[in-house]
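Visitor: A predicted structure for the sequence below; I have some questions about it.
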Amino acid sequence: MPELPEVETVRQGLIQAVLNRKIKDVEIFQPQLRFPVPVEKLQRDIIGCEIRSIQRRGKYLILELSNNLSIIVHLGMSGRLFVTSHNSKIDKHDHVIISLEGGEHLRFRDPRRFGMIDVYPSDDLENHARLRDLGVEPLTSDFDINYCFKKVKNSQRPIKNMLMDASFVVGLGNIYTSEALYEAKIHPGRASNSLTKKHWKLLIASIQSVLKEAITQGGTTLQDEGFKNVLGSGGMFQLKLKVYGKAGESCETCGHPIIRLVQQGRSSFFCKKCQR
DNA sequence: AACACGCCCTGCGCGC
DNA sequence: TGCGCGCAGGGCGTGT
């Protein structure tokens, strides 16, 4: 479900809702997520701690605790982290519930169970198995023309697939790759190493502007049951989508129909007249 | 070594 | 109304 803008929206919400609050209890209802939930570690090590900072690395959220441990969370396709009263009804997909001092719950809900939760030393996060091989953050200056050009110079992979590869650049998923490639007028099937530095300049700028605008809009909520922030509200970026999910509709720029293309088993959307 | 693919799971909308 | 199918915002592990 969530890509970088949605995860960043959750991060900003968590800063408002749970920063510096104390963990009173933790309950695990479903330990089988993408990876097994470290039940004993959670129950033994996080109770009594305060949440000192909330960071993001790619699509991972990192809640740094007062005891040099961090809780790492990935939302997968359908995961949510949200804050609610301890009285509110527990859903069958509320897998982990963290009780905070003051009577609120921080809950991890994830119907498809593609998400994960782990606990790991804060000073060693760069060696965590899920974090150590991640590529650059797209909204930092590390994501520049030279990095991109060098990294893909021997690769004929389609650029869509390359942008979805987290060992190259993190945070981009199916929605925002399609949107950024449309803005940059680059065909999703184009070989990565055919992009010139000029292309990369435009593509990097397009990725950054799409992601920033999506963060401003609080992410993309495609259906009622789609993405929700920490307080339970949806985002607004779905109103700004140009191609994602719009197969058969007219391209805003030229009027030609938007095409759906399957790459690596996932849908891409593009305009074959505007994107080359 | 680089790359595509199947698969992990539940839920929804569609055609029949 | 129910059933089977395809599809869904991610990414790991496997096989070529």
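Guide: In hand now; what should we look at?
Visitor: what pLDDT does the model give whatever residue of the stretch 51-200 of chain A ends up closest to DNA strand C?
Guide: Using CB to the nearest atom of the strand, the closest approach of the stretch 51-200 of chain A to DNA strand C is made by residue A:173 at 1.9 Å. Just so you know, the C-beta spots here come from the backbone N, C-alpha and C atoms, and that holds for glycine as well. Residue A:173 carries a pLDDT value of 97.
Visitor: please name the nearest non-neighbouring residue to it.
Guide: The shortest distance from residue A:173 to any non-neighbouring residue, by CB to CB, 6 or more residues apart in numbering, is to residue A:3 (3.7 Å).
Visitor: kindly report the same for residue A:27.
Guide: residue A:97 (4.7 Å).
Visitor: part of a strand, is the one you found?
Guide: Yes - the assignment for residue A:97 by DSSP: H, G, I helix; E, B strand; the rest coil puts it in a strand.
Visitor: show me the contacts for the residue of the stretch 51-200 of chain A closest to DNA strand C.
Guide: By CB atoms under 8 Å, 6 or more residues apart in numbering, the residues touching residue A:173 are A:2, A:3, A:4, A:59, A:164.
Visitor: repeat that for 10 Å
Guide: A:1-7, A:59, A:77, A:163-164, A:166, A:220, A:266 (CB atoms under 10 Å, 6 or more residues apart in numbering).
Visitor: same check on residue A:130?
Guide: A:34, A:35, A:57, A:58, A:60, A:72, A:74, A:116, A:118, A:120, A:166.
Visitor: kindly give a single PyMOL line that selects the buried subset of those.
Guide: Only the buried entries of these go into this PyMOL selection, using 16 or more other CB atoms under 10 Å:
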select buried, chain A and resi 34+57+58+60+72+74+116+118+120+166
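Visitor: from the contacts of residue A:130, which are also near DNA strand C?
Guide: For DNA strand C, the contacts drawn from those by CB under 7 Å from any atom of the strand are A:34, A:58, A:74, A:166.
Visitor: from residue A:215, how far out is residue A:88?
Guide: 27 Å (CB to CB, to the nearest Å).
Visitor: so between those two, which is more surrounded?
Guide: More crowded of residue A:88 and residue A:215, by other CB atoms under 10 Å: residue A:215, with 20 against 12.
Visitor: now do the strands in the stretch 51-200 of chain A.
Guide: Chain-ordered strands for the stretch 51-200 of chain A, with DSSP state E, counting those that start in this stretch as the definition, fall at A:51-57, A:60-65, A:69-74, A:80-85, A:94-100, A:104-109, A:116-121.
Visitor: tell me the contacts of residue A:122?
Guide: The contact partners of residue A:122, taken as CB under 10 Å, 6+ apart, are A:52-53, A:55, A:62-71.
Visitor: so how many other residues sit close to the residue nearest to residue A:173?
Guide: Neighbours of residue A:3 (other CB under 10 Å): 23.
Visitor: pretty sure it is touching residue A:211, no?
Guide: Yes - when contacts are counted by CB atoms under 10 Å, residue A:3 is listed as touching residue A:211 (8.3 Å).
Visitor: intersection of neighbour lists for these two?
Guide: Taking CB under 10 Å, 6+ apart as the contact rule, residue A:3 and residue A:211 both touch A:171, A:172, A:176.
Visitor: list the contacts for the closest residue in space to residue A:95 that isn't next to it in sequence?
Guide: Of all residues not flanking residue A:95 in the chain, residue A:30 sits nearest, at 3.9 Å (CB to CB, 6+ apart). By CB under 10 Å, 6+ apart, residue A:30 lies in contact with A:37, A:92, A:93, A:94, A:95, A:96, A:108, A:110, A:113.
Visitor: quick check: which element contains residue A:30?
Guide: Per DSSP states H and E, residue A:30 falls between elements, in no helix or strand.
Visitor: separation between it and DNA strand B?
Guide: 9 Å (CB to the nearest atom of the strand, to the nearest Å).
Visitor: show me the helices in chain A, by range?
Guide: A:4-18, A:39-45, A:145-152, A:159-163, A:174-184, A:197-216 (DSSP state H).
Visitor: which one of those helices lies nearest to residue A:260?
Guide: Proximity to residue A:260 (CB to CB) singles out helix A:174-184 among the helices of chain A, at 9.8 Å.
Visitor: who are the packing partners of that closest one?
Guide: On a contact count with 3 or more CB pairs under 10 Å, 6 or more residues apart in numbering; DSSP states H and E, helix A:174-184 meets helix A:4-18, helix A:159-163, helix A:197-216, strand A:259-263, strand A:266-270.
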